[in-house]
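Novice: Here is a sequence together with a model predicted from it:
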Amino acid sequence: MERNPKPYLQDSFTIGNETVEDTKGQVGNAELVDHSRRLEKRLWNVAEGVWCFVGNGLSNQTFVEGPEGLIVIDTGECIEEMTEALVAIREETQAPIAAVIYTHFHYVAGTKAIFSNEERGDIPIWGHERITINRRSYGTELSAVASRGLIHQFGIALPDSGIDSVINVGLGLAYRNPEHAPFTSGFIEPNETFSEPMCVQIAGLEVHMSPAPSDADDSITIWFPNLGVCVNNLVWPVLFNVFAIRGEEYRDPRILLTGIDYILSLSPDVVIGTHGPPIIGTDLVENEITRYRDRIQFLWDQTVRGINKGMDLEQLTQFVQLPRSEEESYLTRQFYGLAEHHVRQIHNGLRGWFDGNPAKLFPDNPSSRAEKLVNGFGGVTRTQAIADEAFADGDLRWAIELSSVLLEYHRSSEEDIDGDIGRTSELLANCLRTVAQKTTAANIRNWCLTYALELEGLLNLERHRRHRFSRSVVLANPPSSTVHALRVLLNPDLAIGFCQELRWEFEDGETTGLLIRNQVAIPTDGKDADLAIRLSIETWADLLSGALTLSDSLISSVTTTNNSGEIANFLSHFDLPSLTQ
């Protein structure tokens, strides 16, 4: 057998990659542009009584009709999205809705649309027991970085048209379908939860639901044995994203493989994912999903092989290269994230951040390092010339590294000599834009373009670098969850030697507290607190979201038996402007 002369897939971005212009003037990798056609809006009738609505939003909505009614699987990002899905399915069937099932916590915010026209009654909503917990945590402790990550990864702040506008987001055409504005949240908590595999009768159908951690630890796989249909959040229309550039907890490939092997063991006729088109036909399902799972195993196995050989992260990303095959399909293509980043994440998940390279054990601070490097290269002018030359030669990795060093040097010196900051920012932006136009990965394209536009002064995302609470998130969660989230906002310098506890008494009857001691804020029930305030959840939401200041609330809507100055002093330890005003 003749050996494949090019046995491995191309690099994360290659200067020679073909770029094309898309319908809105976007410029990007030709293969990424072509990937959009798989994500176009279409209601697929995949089997008798089974439909999958692709392209309505970032995720699919799936409908399965049983003898006793219609099962709805996932409800999208908002009420408007689910409303459109219901309009589409009502052209196919008038069966009453008998149940809702959530595959995981990401796409559950359109459920209220279902009950705007139908009686809630005893309609069950099935889902993993962690769905509600995960929904709460996403908008509290990590709200700032979570929103910033979404903006970068999905290109939310990119222009609507032109060379820098979104081509697609890998799993869908866009993070949110603009036709669905204003994106009204309509999440309803599941009332039938589980954490172990189970078999139940729903709408007169036998339904198997099994936990299957994926990009969320509350993901499940749903199997309809009498229909030969499997619905899941494991098989994506791209190489699975072990690493998400927006930042997520570790997604262990070994756990993914267990879930995918379960799907293969079912020998389904149809596999429907939470994203992308369905896979129809037993042979096609087996062939495509087998190759998909084997690519994930390849990444894990070869990363571990390299780790055992003593490779550091940079060596690992060169060592682990995805195989090339003539039978390769979109399921194993890097249309979302990149293999080299997945390799780094596997290392981090298994071994932590330190890769054995002594230079990384005690790194210099960025500004000092930048100054030493620039001086070592012969000064600013010489370093800039080397960076310019690297960009001109297509050596983008080196050009990005050098221009980043130069930018740190200029910023730390606090002097903009002859427009050095502007010139270096322009070079770095050009480097990132070139990567964006060459890569197949939508996440990387969107991230690079967002950063480039910030460098050019065309975007300002500073407000997403401050912790923010959404008023709607505060109102949708138990008061204790947002009170306790304040612990990540404690300024330890202000809390030196401070020890005191505050109790929050909410008008709905819930009581909770925080104890500041040893420069940390400890969640409590508030029963032993020496300070107390009483307020409504609405006032608390206004305070956290910045619609109301503490000083104003102490006058109008917050009551206390303590001195108001003591309350203000306690809350001034937290890095939230509305609590210090």
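Specialist: Great, that's in hand. Numbers count the residues shown, from 1 in each chain.
Novice: If you count neighbours, what's buried in stretch 252-266?
Specialist: Buried positions in stretch 252-266, judged by neighbour count with 16 or more other C-beta atoms under 10 Å: D252, P253, L256, L257, G259, I260, Y262, I263, L264, L266. Heads up, the C-betas are built off the backbone N, CA and C, glycines and all.
Novice: now stretch 360-380
Specialist: Applying 16+ other C-beta under 10 Å to stretch 360-380 flags A370, E371, L373, V374, F377, V380 as buried.
Novice: Closest one to A95 out of those residues, please.
Specialist: Set against A95, the nearest of the buried residues of stretch 360-380 by C-beta to C-beta is A370 (64.4 Å).
Novice: residues contacting the closest residue to L205 other than its chain neighbours?
Specialist: In this structure, L205 finds its nearest non-sequential neighbour in G66, 3.9 Å apart by C-beta to C-beta, 6 or more residues apart in numbering. Counting by C-beta atoms under 8 Å, 6 or more residues apart in numbering, G66 touches G49, A98, I202, A203, G204, L205.
Novice: Show me how to select, in ChimeraX, the buried members of those.
Specialist: Of the contacts of G66, the buried ones go into a single ChimeraX selection, burial set by 16+ other C-beta under 10 Å:
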select :49,98,202,203,205
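Novice: Filter the contacts of G66 down to the ones in strands?
Specialist: Within the contacts of G66, residues falling in strands by DSSP state E are A98, I202, L205.
Novice: Could I get the buried residue list for the helix or strand where N134 lies?
Specialist: Here N134 sits within helix 131-138, counting by DSSP states H and E. By neighbour count on 16+ other C-beta under 10 Å, the buried set for helix 131-138 is I131, T132, N134, R135, R136, S137, Y138.
Novice: following it, which helix or strand comes up?
Specialist: Next helix or strand after helix 131-138 toward the C-terminus (DSSP H and E): helix 143-154.
Novice: Can I get that following helix as CSV, trimmed to CA atoms?
Specialist: C-alpha atoms of helix 143-154 as CSV (Å, rounded to 0.1, in the frame of the first residue of the first chain):
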residue,chain,number,x,y,z
SER,A,143,-20.0,36.6,35.1
ALA,A,144,-17.3,39.0,33.9
VAL,A,145,-15.0,36.5,32.3
ALA,A,146,-17.9,34.4,31.1
SER,A,147,-19.4,37.3,29.2
ARG,A,148,-16.1,38.4,27.8
GLY,A,149,-15.3,34.9,26.7
LEU,A,150,-18.6,34.6,24.8
ILE,A,151,-18.0,37.9,23.1
HIS,A,152,-14.5,36.9,21.9
GLN,A,153,-15.3,33.3,20.9
PHE,A,154,-18.6,33.9,19.1
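Novice: I'd like to know which elements it is packed against.
Specialist: Other helices and strands packing on helix 143-154, by 3 or more C-beta pairs under 8 Å, 6 or more residues apart in numbering; DSSP states H and E, are helix 442-455.
Novice: which strands and helices sit next to the helix it packs on?
Specialist: Under the contact rule (3+ C-beta pairs under 8 Å, 6+ apart), helix 442-455 is packed against helix 30-35, helix 143-154, helix 420-438.
Novice: what is the orientation angle of the second one with helix 131-138?
Specialist: Compare the direction of helix 143-154 with that of helix 131-138 by axes from the mean of the first three to the mean of the last three C-alpha atoms, to 10 degrees and you get 100 degrees.
Novice: Next secondary structure after helix 143-154?
Specialist: Downstream of helix 143-154, the first helix or strand assigned by DSSP H and E is strand 192-194.
Novice: show me what contacts the closest residue to Y107 other than its chain neighbours?
Specialist: Excluding the flanking residues, the one nearest Y107 by C-beta to C-beta, 6+ apart is S59, at 4.0 Å. Going by C-beta under 8 Å, 6+ apart, S59 touches D74, G76, E77, H106, Y107, L171, G172, T274, H275.
Novice: thinking again about what came up before, deepest-packed of the helices and strands packed on helix 442-455, please.
Specialist: helix 420-438 (a mean of 21; mean count of other C-beta atoms under 10 Å).
Novice: A244: how many residues sit nearby?
Specialist: A244 has 18 neighbours, counted by other C-beta atoms under 10 Å.
Novice: let's have the chain start at 51 instead
Specialist: With 51 as the first residue, the last one maps to A294.
Novice: Name the residues that touch stretch 502-515?
Specialist: Taking C-beta under 8 Å, 6+ apart as the rule, stretch 502-515 contacts 194, 197-198, 201, 207-208, 214, 475-476, 478-480, 482-483, 486, 500.
Novice: Go again with 7 Å.
Specialist: A194, S197, R198, I201, A207, D214, S475, L478, A479, L482, R483, T500 (C-beta atoms under 7 Å, 6 or more residues apart in numbering).
Novice: what's near enough to touch the third one?
Specialist: If a contact means C-beta under 7 Å, 6+ apart, then R198 has L511, H514, R515 as its contacts.
Novice: again with the fifth one
Specialist: A207 is in contact with I201, T500, L509, L511, counting by C-beta under 7 Å, 6+ apart.
Novice: Report pLDDT for the first one.
Specialist: Each residue has a pLDDT score; the one for I201 is 92.
Novice: Check the third one too.
Specialist: pLDDT recorded at L509 is 92.
Novice: excluding its backbone neighbours, what's nearest T143?
Specialist: In space, T143 comes closest to E115 once its chain neighbours are excluded; the distance is 5.7 Å by C-beta to C-beta, 6+ apart.
Novice: Among the contacts of G116, which pair sits farthest apart?
Specialist: By the measure C-beta to C-beta, G99 and I252 form the most distant pair in the contacts of G116, at 13.4 Å.
Novice: what's the helix or strand for G444?
Specialist: Using DSSP H and E, G444 falls outside every helix and strand.
Novice: separation between the nearest residue to F624 once chain neighbours are set aside and S622?
Specialist: Distances taken as C-beta to C-beta, 6+ apart put L539 closest to F624, at 4.5 Å, once the chain neighbours are dropped. In this view, L539 and S622 are 11 Å apart by C-beta to C-beta, to the nearest Å.
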